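Colleague: structure, please.
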Amino acid sequence: MATRLTGAPVAKEIYAQVREKAVALGTQPCLAAVSVGAQPDDRAYLRSIARSADGCGVAVRPVELPADCAADALTGTLRALSADDTVHGVLLLRPLPAALRAQEILDTLDARKDVDGMTTWSLGALVTGAAGFAPCTAEACMELLRAHGIDPAGSRAVVIGRSLVIGRPVAMMLLQRSATVTICHSRTEDMPRLCREAKILVAAAGQAGLVKENFVGPDQVILDVGINVDENGTLCGDVAFEAVEPEVSAITPVPGGVGGVTTAVLAAHVVDAAERAAGV
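Modeller: Residues are numbered from 1 along each chain as shown. Just a heads-up that it's a prediction; the model follows:
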């Protein structure tokens with residue numbers, strides 16, 4: 001039976017570090033959480049972030065915009081938060097409505113407050129190794145590997161998914177840790193074969209149950225980043241967990257894996273941004 005790479009102990013460790021750094025700052029780090037047309041699941045996620053952040057000394061300021069807001073309204077909000085010295089980090093809940101997904105809109109946010117790696121500057125910093133913030137979920141994958149003593153160096157890694165939110169950033173972070181990385185996507189030929197050759201497999205396609213037994217093999221580490229709802233209304237990942245778990249060495253559950261660490265990484269980024277703003 002595979003080792004379950006649970007996120008709770010990893011998140012607890014990160015939150016303890018965040019709490020210690022927040023106390024030392026002498027001012028409360030603040031995250032502005034911007035949502036456009038917030039749905040019930042968005043509000044639930046924001047409440048979860050607020051509860052977790054409050055426990056480690058980070059304030060969360062919800063900023064809700066209507067679903068039909070114009071691009072000017074979103075860019076104005078991002079500019080205003082960029083100029084607000086009481087806000088240290090800004091999270092923009094995605095996906096956004098199609099009309100608001102242009103990169104130039106996202107780039108109106110000051111990259112120093114971009115705690116979820118969405119601006120062009122932040123993504124470029126990830127490639128060059130400059131001091132920016134990586135997307136939180138991608139970094140959460142790396143934190144899980146670190147906490148469980150899994151070193152990517154010299155290993156073959158496959159990432160399923162090429163989005164700028166998870167797929168490409170986590171591939172770049174694995175490359176920086178000296179893994180040999182392949183990115184698979186909807187046009188990849190013979191994806192199961194490529195996945196079987198990996199020591200580390202990151203499933204970030206957003207397709208429930210995509211990764212089945214024929215994608216995996218012994219001694220593999222599976223990081224399931226997918227968040228989906230199956231036909232029974234149950235939360236599930238991109239991996240067919242019950243079928244895959246007996247075939248691999250280690251695997252993250254959904255829920256209980258990457259998601260909780262993502263929220264902890266977000267809090268850590270806010271405190272880091274507050275430290276930088278204070279010249280620490």
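
Colleague: next structured bit after the lowest-mean-pLDDT helix or strand in the chain?
Modeller: One helix or strand of the chain scores below all others by mean pLDDT, DSSP states H and E: helix 40-54, with a mean of 86. Toward the C-terminus, helix 40-54 is succeeded by strand 59-65 as the next helix or strand (DSSP states H and E).

Colleague: got a list of contacts for that next one?
Modeller: 28-38, 46, 49-50, 53-54, 73-74, 77, 81, 87 (Cβ atoms under 8 Å, 6 or more residues apart in numbering). Using the backbone N, CA and C atoms, a C-beta is placed for each residue, glycine as well.

Colleague: what of stretch 221-241?
Modeller: Residues from elsewhere that reach stretch 221-241 (Cβ under 8 Å, 6+ apart): 2, 5, 137, 141, 144-145, 150, 160-161, 166, 170, 199-213, 216, 244, 248-255, 257-259.

Colleague: what residues of it count as buried?
Modeller: 221-228, 236-241 (16 or more other Cβ atoms under 10 Å).

Colleague: pull the most distant pair out of these.
Modeller: V221 and N228 (20.9 Å; Cβ to Cβ).

Colleague: what residue is smack in the middle of this protein?
Modeller: Among the residues of the chain, the one closest to the centroid is T137, at 1.3 Å (Cα atoms, centre = their mean).

Colleague: what kind of secondary structure is L78 in?
Modeller: Assigned state for L78: helix (three-state reduction, DSSP: H, G, I helix; E, B strand; the rest coil).

Colleague: dump the residue contacts of it.
Modeller: 34, 90, 92, 105-106, 108-109.

Colleague: which pair of those spans the longest distance?
Modeller: Once Cβ to Cβ is applied, the contacts of L78 give V90 and I105 as the farthest pair, at 13.1 Å.

Colleague: more neighbours: which of the two?
Modeller: Using other Cβ atoms under 10 Å, the more surrounded residue of V90 and I105 is V90, with 28 against 17.

Colleague: tell me if that one really is in a strand.
Modeller: Yes - judged by three-state DSSP, V90 forms part of a strand.

Colleague: isn't it right next to A111, touching?
Modeller: No - applying Cβ atoms under 8 Å as the test, V90 and A111 come out as separate, 10.3 Å apart.

Colleague: longest helix anywhere in this structure?
Modeller: Ordering each helix of the chain by length in residues (DSSP state H) puts helix 258-277 first.

Colleague: okay, buried residues for that helix please.
Modeller: Within helix 258-277, the residues that qualify as buried are 258-275, 277, counting by 16+ other Cβ under 10 Å.

Colleague: off-centre distance for that helix?
Modeller: Taking Cα atoms, centre = their mean, to the nearest Å, one finds helix 258-277 lying 11 Å from the centre of the chain it belongs to.

Colleague: taking strand 59-65 as reference, get the angle to it.
Modeller: 100 degrees (axes from the mean of the first three to the mean of the last three Cα atoms, to 10 degrees).

Colleague: good, wrapping up.
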